[in-house]
Every structure is written in structure tokens, then in C-alpha cells.
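*Asks:* Sequence plus the predicted model coming up.
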There are 2 protein chains.
Amino acid sequence: MTARIIDFLNTRRPDGPCLVVDLDVVRENFLAFAHALPDTRIFYAVKANPAPEVLRLLASLGSCFDCASVAEIDMALAAGATPDRISFGNTIKKERDIAAAFSRGIALYSVDCEAEVEKVARAAPGMRVFCRILCDGAGAEWPLSRKFGCEPEMAVGVLEHAQSLGLVAYGISFHVGSQQGNTEAWDGALASAAGIFETLAERGIQLSMVNLGGGFPTRYLKEVPGVESYGSSIDQALKRHFGNRIPETIIEPGRGMVGNAGIIKSEVVLISKKSDREDDPRWVYLDIGKFGGLAETMDESIRYPIRTTHDGDVVAPCILAGPTCDSADVLYEKTPYNLPVTLSIGDEVLIEGTGAYTTTYSAVAFNGFEPLASYVI
Amino acid sequence: MTARIIDFLNTRRPDGPCLVVDLDVVRENFLAFAHALPDTRIFYAVKANPAPEVLRLLASLGSCFDCASVAEIDMALAAGATPDRISFGNTIKKERDIAAAFSRGIALYSVDCEAEVEKVARAAPGMRVFCRILCDGAGAEWPLSRKFGCEPEMAVGVLEHAQSLGLVAYGISFHVGSQQGNTEAWDGALASAAGIFETLAERGIQLSMVNLGGGFPTRYLKEVPGVESYGSSIDQALKRHFGNRIPETIIEPGRGMVGNAGIIKSEVVLISKKSDREDDPRWVYLDIGKFGGLAETMDESIRYPIRTTHDGDVVAPCILAGPTCDSADVLYEKTPYNLPVTLSIGDEVLIEGTGAYTTTYSAVAFNGFEPLASYVI
């Protein structure tokens, strides 16, 4: 919550749910990352929040950009980033999209299998590739599947294949899982990465870079470690596994860069019970839900802090749900959410920590509701 | 799959994933509903697919429209429906949206608690309300929560309250759960509805209507009963519980009206394994996933039939995933999906039964990907 956001909402009084992002917070986050990891280049994960104002600010601060698609590459270029500051970080790319990125001068590509290497070799000859490896993601709040990356043993062959096809086998990447609360989570993957560096060096291929991915948390209901803790933990792990041959490193913060910069303003549409029984739970319905931007409440993974004008009053648990005619549009039910008993229909609520993974997740028009509006101040 | 859709795809060759909807199938579905339930008015659930062409066709066939928001009401009006053929069927409405609907002449509103009744009484004085009751949803494939409706005992008080505030207590609604495979699922709720009719009659309030909701399935991988079976089962249940005083009835098909009218054309972006082990599962990545329109694969609820140009070849299980940089964007993993072993990167696949709940669920720009394109032919 920032004074600028409060002031904006009080002055502008936008109708309907909206996200307000405070660029001052984004700037502070960028500088904190740069300070905590001084030898690491920052590739902002554009997918977290691709608002042009956010991208322009970060470009001006010297950030690089991790892009998931050609559209995101074009957004980063439009924001002022040069192609050498952009990676095509999605391991799942159409060959014609790789060609489009190559034509824009993008030199750094993510792969996790030989088939993807072959696409890059054909469509972006001579460019750099890094291979994503699986890592277990323990400690992360947003579920990590085996969707991206290969087992470390396989990465050796993938990068050898890249080199044999004229690409530059440039490095290793991994992702410790989004909203990662354990500052030590990077250690195991860095051990694997160091092993791959060594094996490939024995075969005459010198890797240059480790992409440490994202995972840096934002504060929701629970305290999270500060970015300095992550920086020193990663620094120690790098020294532990790479000794005095520390590679070039990059990070890809998304949530950690913009999560706490945004607040969603919402409204209580209805409060009701399902029966006249005293112990029947209270349902609170907001004008934003799973399909309006709060997709990360899926499986109740991310629990956002919610402020109301009745904070300080007695609270009681409720089931929190969105406004659409979809039974699945329930935010918190398995673990009910405590809200003031004095909360009323029409009250405004502020959902904190919503700067990342909200606007772009928003459904285009489900139930006829507009996608989440966004103001960047 | 229809010849017209195949012909459209072969002729137009649209780039990127897209939905193609065949209006001939929508027409057939409407006529089948009208035939199976001749005494029932059809309120198409606009949220299932609000394409203007679909709405115009249905309006011309005499359909009514179940709308979830003012935007959907405006779409139905623009398609040629008169206000008397439109219901505001969302139980969660802002009072100013009720006022907007009232100003457009909408006379029929859904409620499930006294607070909502009070909003309607203030913003749409004198209009008709129906109260939604909970029903258990056993047999449905898309999860049904307790989000909508109240227990039948409470509905009596809700409707009495409506009548006392000058509204017309018009009827009862319920929803047996989306993609309901059990043709008998309406029986229990109709018994409850008849009880409420009786109780209110004793108190001098004559209800007129039962809204039988949706739930009519479309065919995915499994056979589903025909609409005639639902019609006769509902007809018998109505007679069983209402005797010779059968109320006015309406249905709200969405999936059943448009599901099988649409096909999504997609492309295989990548096929890979995570290790060199022989038994490691194959991953198949499409250019559409959970955030591009296939949201109903959430919890692997809806399993779409997928056609490939290799159908007939030997199949093997695979994990099917979408193209975004999100670990949660996996379609089928707990129960892997059988696809031909000869399937290759770049192959086109056709996802059947995708006419409902796809375009509007699509994220606005997640990962920079465009929302699902739609062609109605």
C-alpha cells in the first residue's frame, strides 16, 4: 500500500475493479535486486506485468527483459530495450516465432530438448542457447510442474547438440519455483549446473552463463525474506559450486519486481448465507475473481492480503468468491478468509500484492465483464 | 466435426490457434431442445459463447437469453432480442447494474438471498424474481460448488421477502451442474421446487415458473444421452412433483447449445522428453492451453476429443500442455492423453467440442499471446 496509490484512488475514483501500480515501488525493487546481486544482470520477466510504463521505467534503469513470445519481445523493444538486452526465454517456441525474434536481432534463446535446439539452429543460426534443467521447487507457493526443463544429465547432450549445429552453447537455466520462500533453494540447482559446466568443459565446450531464473517472492499474508538474503545465499552457493570460476549470471524476477507495486481496488457485491442456520458460513462476493485477474488463487495457492475500511473490527471467516456465473470462480473456501463482520455490500476492498500476474491473466470477456483495468502511476 | 468447418480451415488456413463455430450445428441444437422440451422456453446462456452471429441466429429462431451482466444484456438486445426475452440470471449483481438492466426493460431477475432481493426491489421495483436453490450436482463433470443458490427452506423466506417489497415472487431456479450426464438429475430439485410452490401457496403467494437451468451436456470423449432423454425425464419429473399443475418452465442451455458446434484448430509446438530414460513420458505442447481458452481443463475436468492427421496410427500416452511460461498451464497429466506416436512438431490438431466456454475464458494477453481468435460460419 502506498500513499500515491491511495491518493490516486481517492482522487480518480475509477468505477469497477482496477489495478493501480506505483512505479516508485518498481524502481525500488529494481535497485534492491541490483544491490543484492551486483554481478548479476536482471532480465525482468515481462509476463508478470507488461504495462508499457513498467517496461519503459525498467528499460531506463538498465534492465534486460525475459520474453515469452514475439509480442513480448516487441513490447520490450518498444520500451527502449536493445535486442542484446532481450532473451527469448520460453522453451516452447514455434519455429516461425524464433525466426521472427532472430530478424529482430535477438541472440539468446532458451531450450530444454534437442528438438527445440534444432528449431533454433534452423531459424536463428549461430545464436546463443541456454538449456533449462529441472529442479524440485520445494518451498515454492505457486505449483511447479515438470513442464519446463530436462534432467541435468540430458542437458549435456542438448547443449552438445546445439554446439554441433553451429549454435553457441551458452549456459544453464533453472527455476526454483515462483514465490519461493526458501533462500537456499538455488543451491541444489547450482550444484547440478556446475556439474554440467564441468562435463561439457571436459568435452571442449565452455559454458558462460547461469540463468538463476525467478522465484523471488513478494509479500502476501506471510513475511518473506528480503532480497538481500537471497543475494547472499545465491552468492555463497555460486562460490561453493563454482569456486573461483564464477560464471556470468542473470536473474528473471517478475513477481519480485512488480508484485508489491500493485493494488487491486474491488467492491463487495454481495454478502449472504446459504441457509438460516447460525453456523452456516458467510459468503462474500467481490467484483473480481478467478477470471477477472486473480487466477493465482487457483487451488488457493496465493493468498492476497485484503484491506477494508472496517479493519480493526472483529473478524470472522468467510468464503470469498468472484462475480461470475461459474461455480469454479471461488477464491478461498478450503481455507476460509477472515474479514470483518461489519463488512457490507458496496464496501470497497483493496487487494494488496497484485502487481504481478493479474492483468494479463484476466479473461477477455467472461460473463461479459471487461478485463481488469490497469493504471500505472 | 463438420464438413463446413473442415472446408473453412482448408480454404482460409488461419494462422495461430482459433475456434471455428458452425451455425448449422447451433440451429440443429436449438431445434432439438425445442422439440425435446416443447412447453419450455429456451434462455440461451450467453456466457457460453457470446459471438454476435450465434446470438443473432438464436434470436431469429425465437430463443430467449440468460445474461450474466449488463454487457451480455446489451449483446442480446443488439442481436435482436426484446427485453421480455432476457433474464438477468446472475445471483451476484451490483445494484447499479440492476438499475441499468431495469432501464433497458429487463423484467426477470435471479436472487438467492434477502440482500439481493432488496437490491432488486430498490433498483428494479415491481419486477419478477426467481430464487435459486442449491442442488447437489452429482453426475456433473464441471465442479459445482455451493456458490449459487440457497437451501430450499430458505428460499421460501427469500421469496416472501420479495413479495413484501413489491416484487413479483415468480419462481424457483436451480442448476444440476454443468455437463450433467444423469438425465434424472432434475428430479430431486424439482421435488424441492414443488415443495416451495406448495408452502408459498399456503401463504398466499402463487409462484409461476421453474427455471430448470442448464447442465445439458455436449459430447466430449464419452457418449452422452440425447436431448430427447433429458426432455422426457424432466417431463416425467415435472408430472411426478407438480401433478396437473405444471408450472411455466425455462431452460438455460449453454454448453448443450454451442459446445459441439465449435472446433479449435491448434498446432503442435514441441514434443519432448525430460530425460533419456525409455519410460519417461512424452510431453506434447500445443499453441493453446489453459490460459488461451481451454480453462475447463482445470483439474482435468473436461477432456476434449483431439483429432490429428495421424489418427489410426499406434497411440501412446502423453502429457499435454499449453504454450505459456506457466507451470500450471498443463492440460492433461494426472490422466495422460493418448495421441499417435507419429505426431510431429508442426502438426495441426483439431480439438472438438470447444464451441462453449473457450473464447471468453481466454486470457487477454498472458505471455503476450493474443486471445483465442474466433470465426463463426
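*Replies:* Received, thanks.

*Asks:* number of nearby residues for A:His161?
*Replies:* 20 (other CB atoms under 10 Å in any protein chain shown). All C-beta atoms are positioned from the backbone trio N, CA, C, and that covers glycine.

*Asks:* Going by neighbour count, which residues of the helix or strand that contains it are buried?
*Replies:* Secondary structure assigned from DSSP states H and E places A:His161 in helix A:152-164. By 16 or more other CB atoms under 10 Å in any protein chain shown, the buried positions in helix A:152-164 come out as A:152, A:154-156, A:158-163.

*Asks:* Could you point out the helix or strand that follows it?
*Replies:* strand A:168-173.

*Asks:* In the record's domain split, what are the boundaries for chain A?
*Replies:* Following automatic domain parsing, chain A resolves into domains at A:89-253, A:260-376.

*Asks:* Make a markdown table out of those and add mean pLDDT and distance to A:Asp7.
*Replies:* A markdown table is the format used below for these (pLDDT from 0 to 100; distance: least, CB to CB, whole Å):
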| stretch | mean pLDDT | distance to A:Asp7 |
| --- | --- | --- |
| domain A:89-253 | 95 | 22 |
| domain A:260-376 | 95 | 12 |
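
*Asks:* Throw those domains into JSON lines and include distance to chain B, thanks.
*Replies:* As requested, the domains of chain A are arranged in JSON lines below (distance: least, CB to the nearest CB, whole Å):
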{"stretch": "domain A:89-253", "distance to chain B": "4"}
{"stretch": "domain A:260-376", "distance to chain B": "3"}
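
*Asks:* how about these in TSV, adding distance to A:Ala36?
*Replies:* Below are these laid out as TSV (distance: least, CB to CB, whole Å):
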stretch	distance to A:Ala36
domain A:89-253	3
domain A:260-376	15
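
*Asks:* B:Arg277: which of these is closest?
*Replies:* Closest of those to B:Arg277 is domain A:89-253, at 8.4 Å (criterion: CB to CB).

*Asks:* What ranges does the stretch 101-250 of chain A have for its strands?
*Replies:* A:108-111, A:128-132, A:168-173, A:209-211, A:248-251 (DSSP state E, counting those that start in this stretch).

*Asks:* tell me the angle the helix holding A:His161 makes with strand A:168-173.
*Replies:* Angle of helix A:152-164 versus strand A:168-173, following axes from the mean of the first three to the mean of the last three CA atoms, to 10 degrees, is 160 degrees.

*Asks:* Need the residues that contact helix A:152-164.
*Replies:* The set of residues external to helix A:152-164 that reach it, using CB atoms under 8 Å, 6 or more residues apart in numbering or on different chains, is A:111-114, A:117-118, A:120-121, A:129, A:131, A:133-134, A:150, A:168-169, A:172, A:192-193, A:195-196, A:199-200, A:203, A:205, A:207, B:274-276.

*Asks:* Just the CA atoms of it, as PDB, please.
*Replies:* The C-alpha trace of helix A:152-164 is given here as PDB (Å, rounded to 0.1, in the frame of the first residue of the first chain):
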ATOM      1  CA  PRO A 152      20.600 -32.400 -15.700                       C
ATOM      2  CA  GLU A 153      22.100 -35.500 -17.300                       C
ATOM      3  CA  MET A 154      20.200 -34.800 -20.500                       C
ATOM      4  CA  ALA A 155      21.200 -31.100 -20.700                       C
ATOM      5  CA  VAL A 156      24.800 -32.100 -21.500                       C
ATOM      6  CA  GLY A 157      23.600 -33.800 -24.700                       C
ATOM      7  CA  VAL A 158      21.200 -31.000 -25.600                       C
ATOM      8  CA  LEU A 159      24.000 -28.400 -25.400                       C
ATOM      9  CA  GLU A 160      26.500 -30.600 -27.300                       C
ATOM     10  CA  HIS A 161      23.800 -31.000 -30.000                       C
ATOM     11  CA  ALA A 162      23.500 -27.200 -30.000                       C
ATOM     12  CA  GLN A 163      27.200 -26.700 -30.400                       C
ATOM     13  CA  SER A 164      27.300 -29.300 -33.200                       C
END
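
*Asks:* what about that helix, distance to the chain center?
*Replies:* 27 Å (CA atoms, centre = their mean, to the nearest Å).

*Asks:* How about stretch A:291-307?
*Replies:* 14 Å.

*Asks:* list the buried ones in that stretch?
*Replies:* Buried, per 16+ other CB under 10 Å, within stretch A:291-307: A:291-298, A:302-304, A:306.

*Asks:* Kindly report the same for stretch A:74-90.
*Replies:* By neighbour count with 16+ other CB under 10 Å, stretch A:74-90 contains the buried residues A:74-77, A:79, A:81, A:85-90.

*Asks:* okay if I get these as CSV plus secondary structure?
*Replies:* What follows is these, written out as CSV (DSSP: H, G, I helix; E, B strand; the rest coil):
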residue, secondary structure
A:Asp74, helix
A:Met75, helix
A:Ala76, helix
A:Leu77, helix
A:Ala79, coil
A:Ala81, coil
A:Arg85, helix
A:Ile86, strand
A:Ser87, strand
A:Phe88, strand
A:Gly89, coil
A:Asn90, coil
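
*Asks:* okay, among the residues you listed, which ones form the most distant pair?
*Replies:* Most distant of the buried residues of stretch A:74-90, by CB to CB, are A:Ala79 and A:Asn90, 18.7 Å apart.

*Asks:* Go through the contacts of helix A:152-164 and flag which are in helices.
*Replies:* A:114, A:117-118, A:120-121, A:192-193, A:195-196, A:199-200 (DSSP state H).

*Asks:* In the residues you listed, which residue is surrounded by the most others?
*Replies:* Counting neighbours by other CB under 10 Å, the top entry in the ones in helices among the contacts of helix A:152-164 is A:Ala193, with 30 neighbours.

*Asks:* quick one: A:Leu55 and B:Val314, what's the gap?
*Replies:* Between A:Leu55 and B:Val314 the distance, using CB to CB, to the nearest Å, works out to 47 Å.

*Asks:* what about those two, which has more around it?
*Replies:* Set side by side, A:Leu55 and B:Val314 give different neighbour counts by other CB under 10 Å, the larger being at A:Leu55 (23 against 9).

*Asks:* circling back: which among the buried residues of stretch A:74-90 gets closest to chain B?
*Replies:* A:Asn90 (5.2 Å; CB to the nearest CB).

*Asks:* That closest one: what's it in contact with?
*Replies:* A:Asn90 is in contact with A:67-69, A:110, B:323-325, B:367, counting by CB under 8 Å, 6+ apart.

*Asks:* Recalculate using a threshold of 7 Å.
*Replies:* A:68-69, A:110, B:325 (CB atoms under 7 Å, 6 or more residues apart in numbering or on different chains).

*Asks:* same deal with A:Gly293?
*Replies:* Here A:Gly293 is in contact with A:264, A:358-359, A:361-362, A:372 (CB under 7 Å, 6+ apart).

*Asks:* Name the nearest residue to A:Lys94, ignoring sequence neighbours.
*Replies:* Spatial nearest neighbour of A:Lys94, chain neighbours left out: B:Val269 (5.5 Å); criterion: CB to CB, 6 or more residues apart in numbering or on different chains.

*Asks:* Most widely separated two among the contacts of A:Gly293?
*Replies:* Maximum distance among the contacts of A:Gly293 (CB to CB): 12.0 Å, for A:Ile264 and A:Tyr361.
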